[in-house]
Every structure is written in structure tokens, then in C-alpha cells.
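**Q** Got a sequence here, can you model it:
(one chain, ligands or ions: 2)
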Amino acid sequence: MDMPTQRGSGSLLVAWQLAGKNVLIVGGGEIASQRVDSVLVTDAHITVLTPSSGLNPRTQRFIAEYPTQITHLDKKYDNNPAELGLLNYDMVLTALDDVELSRSICQYCRDHRIPVNAADIPPLCDFYFGSQIRDGPLQIMISTNGNGPKLANLVKRKIVQSLSGNEGAAIQKVGALRVILKERAPGVGGDNGKRRMAWMTKLCNEWDMDELGKLDDDSMIKLLNEGWEKNHVPPPHALGIKHSVEMTFYPMLVNSILPSLIGFAVGVASCVWLRKK
Ligand SMILES: C[C@@]1(CC(=O)O)c2cc3[nH]c(cc4nc(cc5[nH]c(cc(n2)[C@H]1CCC(=O)O)[C@@](C)(CC(=O)O)[C@@H]5CCC(=O)O)C(CC(=O)O)=C4CCC(=O)O)c(CCC(=O)O)c3CC(=O)O
Ligand SMILES: NC(=O)C1=CN([C@@H]2O[C@H](COP(=O)(O)OP(=O)(O)OC[C@H]3O[C@@H](n4cnc5c(N)ncnc54)[C@H](O)[C@@H]3O)[C@@H](O)[C@H]2O)C=CC1
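**A** Residues are numbered from 1 along each chain as shown. Ligands and ions are numbered 1, 2, ... in the order given. Below is the predicted model of the structure:
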């Protein structure tokens, strides 16, 4: 499907690397729990600022389960950014039922160029959250750029249905293979870089996700010895990798082929029965 190119009115889609950075979440309710969930995956250090009485059960559970990754400051924010040390944070998220407080935190962050998201005030956000699909290293974010969050969730469901479930494993194996390949043929850019990229591209085009996901340590070495070193991409079966029946075949079998077979069998049986009569 060709989509028309649109310039302007969009936002930059990036995969923000937050490992080891400090993220402040002000609030501890339903939305804060979703923020904690989203940020935990990044290996950032999270501070949740809210009184214990305002923690919902999910946020409470995260704090209990990840004591080294999450610090809970059990107090009300009294709108004193200096006391809080706001400048020490790399990102601030507000999830408050107090829009004026949210607005003032946003303003302080903007003045000090700290990226900020306020769940209740889209125009003040530096970035929006989106609907997410994750499968290992595969991350898909669906954004409607603030227009229709529920529709983002519905588009996500459509995309999930179109995935085979093999993508995450395949990407993880390709990632491991690329590391070994770069050790074998090191260097940034230049002829080596070009050759590496051409070979990896050919491999990804010729093997499918299921086959890539079946690579293991031994077959990776074999693939490099017999493929990379000889400047070609062997087919998966040459390395003993067999393609399994697509998962999508089963729903097809149940939904269309099986009912037709049953219908045909019933038809034949009734003909035989009628003839006998
Ligand atoms: C701008 C943004 C700021 C931000 O949060 O970063 C924002 C803002 C607001 N959302 C509101 C309402 C709802 N939000 C959801 C759900 C989600 N909202 C998410 C993101 C975003 N929400 C950002 C834009 C993302 C985009 O457009 O693509 C998702 C995708 C991701 C996430 O939250 O992590 C997550 C789905 C995740 C999933 O299921 O996969 C539902 C549905 C539900 O809860 O089931 C409803 C009720 C139905 C509806 O309104 O659509 C309101 C109150 C409106 C009012 O008062 O009327 C505001 C404030 C406003 O708009 O003023
Ligand atoms: N972005 C989004 O997807 C959505 C945003 N919202 C908006 O997000 C906001 C938060 O929603 P919920 O989490 O459901 O609310 P909630 O009522 O569950 O949580 C509010 C939190 O704010 C905390 N809080 C209030 N004053 C505080 C202070 N001075 N210092 C520290 N913590 C304080 C409370 O302790 C509580 O944890 C609401 O304004 C809501 O309208 C609502 C739905 C979706």
C-alpha cells in the first residue's frame, strides 16, 4: 500500500536510549503506573514522587518488585523545583490530577530544557507516548500524534494480527550474528562495511523470519564460514535448518479448509444414504 508523503504536522519517531539516565515521574496513579511500565524496559533509573496514599496497586507493585531501579519519594510535590533537584533529571513525566501543578512543572522543565511529558496537557508535551508492541528487540510504536489515542490502540491490534510471532526471535539472532560478523570483519565504513551490509541484506532477503530465528551458535559460525567467507548466502537447509509450517496456516485450516472438507464429506454421505434408500 502506497502512503502519500506528508511534510509537516508530524513528530520525530525515535527510539530514545535511557539506560542509566534518571527519569522523574510525578504522580503514582493509573497513568503513572503505565509510565513506570513503559520506562522500566529502558533500564533507566526511575523516581516516583507521590505520597504513599496516592499510589495505585500497580504502581505500588512495581516499586516493591524493582527496588534497585525505582526510588519512591513518599511526599507531595509542593512546587519547589530546587528542593526536588529537578535539574538532575534527564526526563520528567507528570501524571497528576492537578493540572496547574502539571503546568508549572512543564514550564520549569521547558525553561531548563529538560524533556517533559504531561499526561493531561498535550500542548505542553515535548513528546507523546504511543501504543506499543514489543517482541524482544522488536519495538513498534503507533502514534496518532495526539489525535486519537484509542484509535492508536485499535491500530495496534490490527498490526499484532499481521505478525507471525517469529519476528522478535529472528531480530535477536540477526543482532547476535551481526556482532560476530563485525568481530570477524572489523572496521567502520569502507569496503568492509559495504561488503558486510550487502551480505546481511542478502541474508535477510533470502531467509525468512522463522529460519533466521532458528540460528544457533553453531549454525551462525557455519553460516559465516560457508557463506560470508565464500561470498554467498547458503540456503537454510544447507545448514540443517528446516522451515516449520507457518502458524498462520492453522487458523486458515480451521477457518476455511476444514469446514469445506466437512461440508464435502457430509454431502457425499447424504448422497450415499439417499441412493441406498
Ligand atoms: C497526547 C497523549 C499524551 C501522552 O500521554 O503522552 C495522550 C493524551 C490523552 N489521552 C487521553 C485519553 C485516553 N488515552 C487513552 C489511551 C492511551 N493514550 C496514549 C497516549 C496519549 N494520550 C498521547 C497521544 C498518543 C497518540 O495520539 O497516539 C496511549 C497511546 C499510550 C500511553 O498512554 O502510554 C494509550 C493507549 C495505549 C494502548 O492501549 O496501547 C485512552 C483509551 C484507554 O484508556 O483505553 C483514552 C480515552 C479515549 C480517548 O480519548 O481516545 C486524554 C484525555 C482526553 C479527555 O479528557 O477527553 C488525554 C489528554 C488530552 O487529549 O487532552
Ligand atoms: N495521557 C493519557 O493517556 C491519559 C491521561 N489522563 C490524565 O492523566 C492524569 C492522571 O490520571 P490518573 O493517573 O488516572 O489519575 P489518578 O487519580 O489515578 O492519579 C493522580 C495521582 O496524582 C498524585 N498527586 C496529586 N497531587 C500530587 C502532588 N502534589 N505531588 C505528588 N503527587 C500528587 C496522586 O497521589 C495520584 O497518585 C489526569 O489528569 C487524567 O486526566 C487520563 C487518561 C489517559
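**Q** ok, and the closest non-adjacent residue to the residue of the stretch 151-277 of the chain found nearest ligand 1?
**A** Going by CB to the nearest ligand atom, ligand 1 is nearest to N153 of the stretch 151-277 of the chain, at 3.6 Å. Backbone N, C-alpha and C define where each C-beta goes, glycine included. Nearest residue to N153, sequence neighbours excluded (CB to CB, 6 or more residues apart in numbering): S131, at 5.0 Å.
**Q** next one: S104
**A** Excluding its sequence neighbours, the residue lying closest to S104 (CB to CB, 6+ apart) is N79, at 5.8 Å.
**Q** ok, now S9?
**A** N145 (7.6 Å).
**Q** residues in contact with that neighbour?
**A** Shown in contact with N145 (CB atoms under 8 Å, 6 or more residues apart in numbering): 9-11, 128.
**Q** Can you tell me the SS state at I140?
**A** strand (DSSP: H, G, I helix; E, B strand; the rest coil).
**Q** Need phi/psi at the closest residue to it other than its chain neighbours.
**A** What sits nearest to I140 in space, not counting adjacent residues and going by CB to CB, 6+ apart, is I133, at 4.1 Å. Backbone geometry at I133, expressed as degrees, to the nearest 10, gives phi -120, psi 130.
**Q** Just confirm I133 contacts V155, I think it does.
**A** No: the criterion here is CB atoms under 8 Å, and I133 misses it with V155 at 10.1 Å.
**Q** which residues are common contacts for those two?
**A** Common neighbours of I133 and V155 (CB under 8 Å, 6+ apart) are I142.
**Q** hmm, back to that, quick one, which of the contacts of N145 has the minimum pLDDT?
**A** Lowest in pLDDT among those is S9, which has 90.
**Q** Could you count how many residues lie near that residue?
**A** Other residues near S9 come to 6 when the count uses other CB atoms under 10 Å.
**Q** quick one, phi/psi of it?
**A** The phi/psi pair for S9 (degrees, to the nearest 10) reads phi 60, psi 20.
**Q** Quick check: pLDDT value at Q6.
**A** As predicted, Q6 sits at a pLDDT of 77.
**Q** hmm, back to that, list the beta-bridge partners for the residue nearest to N153.
**A** Legend: beta-bridge partners of S131 under DSSP bridges are I142.
**Q** now L73
**A** Per DSSP bridges, the residues bridged to L73 are L49.
**Q** So it sits against V48, correct?
**A** Yes: proximity of L73 to V48 meets the contact threshold set by CB under 8 Å, at 7.0 Å.
**Q** which of these two has more neighbours?
**A** In this view L73 and V48 are compared by other CB under 10 Å, and V48 has more residues nearby, 27 against 14.
**Q** Share the number of residues neighbouring R196, please.
**A** 19.
**Q** That one is in what secondary structure piece?
**A** For R196, the host element (DSSP states H and E) is helix 190-206.
**Q** residues making contact with that helix?
**A** Against helix 190-206 from outside (CB under 8 Å, 6+ apart): 174, 177-178, 181-182, 185-187, 212, 223, 227-228, 231, 233, 235.
**Q** Just flag the most distant two among the residues you listed.
**A** Pairwise distances across the contacts of helix 190-206 (CB to CB) peak at 28.5 Å, for the pair G187 and P235.
**Q** Just the pLDDT for the closest residue to P122 other than its chain neighbours.
**A** With CB to CB, 6+ apart as the criterion, P122 has its nearest non-adjacent residue at 4.7 Å, and that residue is G146. pLDDT recorded at G146 is 97.
**Q** list the contacts for the nearest residue to V116 once chain neighbours are set aside?
**A** Leaving aside its sequence neighbours, V116 sits nearest to C109 (CB to CB, 6+ apart; 3.8 Å). Counting by CB under 8 Å, 6+ apart, C109 makes contact with 86, 92, 115-116.
**Q** what's the helix or strand for C109?
**A** Secondary structure from DSSP H and E places C109 in helix 99-111.
**Q** for K158, same thing?
**A** Using DSSP H and E, K158 falls in helix 149-162.
**Q** relative to strand 138-142, how tilted is that helix?
**A** Following axes from the mean of the first three to the mean of the last three CA atoms, to 10 degrees, one obtains 140 degrees for the angle between helix 149-162 and strand 138-142.
**Q** how about helix 149-162 as PDB, C-alpha atoms only?
**A** Taking C-alpha atoms only, helix 149-162 is exported to PDB below (Å, rounded to 0.1, in the frame of the first residue of the first chain):
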ATOM      1  CA  PRO A 149      -5.200   7.600  21.500                       C
ATOM      2  CA  LYS A 150      -7.900   4.900  21.500                       C
ATOM      3  CA  LEU A 151      -7.500   4.600  17.700                       C
ATOM      4  CA  ALA A 152      -3.800   4.000  18.200                       C
ATOM      5  CA  ASN A 153      -4.800   1.100  20.500                       C
ATOM      6  CA  LEU A 154      -7.100  -0.300  17.700                       C
ATOM      7  CA  VAL A 155      -4.400   0.000  15.000                       C
ATOM      8  CA  LYS A 156      -2.100  -1.800  17.300                       C
ATOM      9  CA  ARG A 157      -4.500  -4.800  17.400                       C
ATOM     10  CA  LYS A 158      -4.500  -4.900  13.600                       C
ATOM     11  CA  ILE A 159      -0.800  -4.900  13.400                       C
ATOM     12  CA  VAL A 160      -0.400  -7.600  16.100                       C
ATOM     13  CA  GLN A 161      -2.700  -9.800  14.000                       C
ATOM     14  CA  SER A 162      -0.500  -9.400  10.900                       C
END
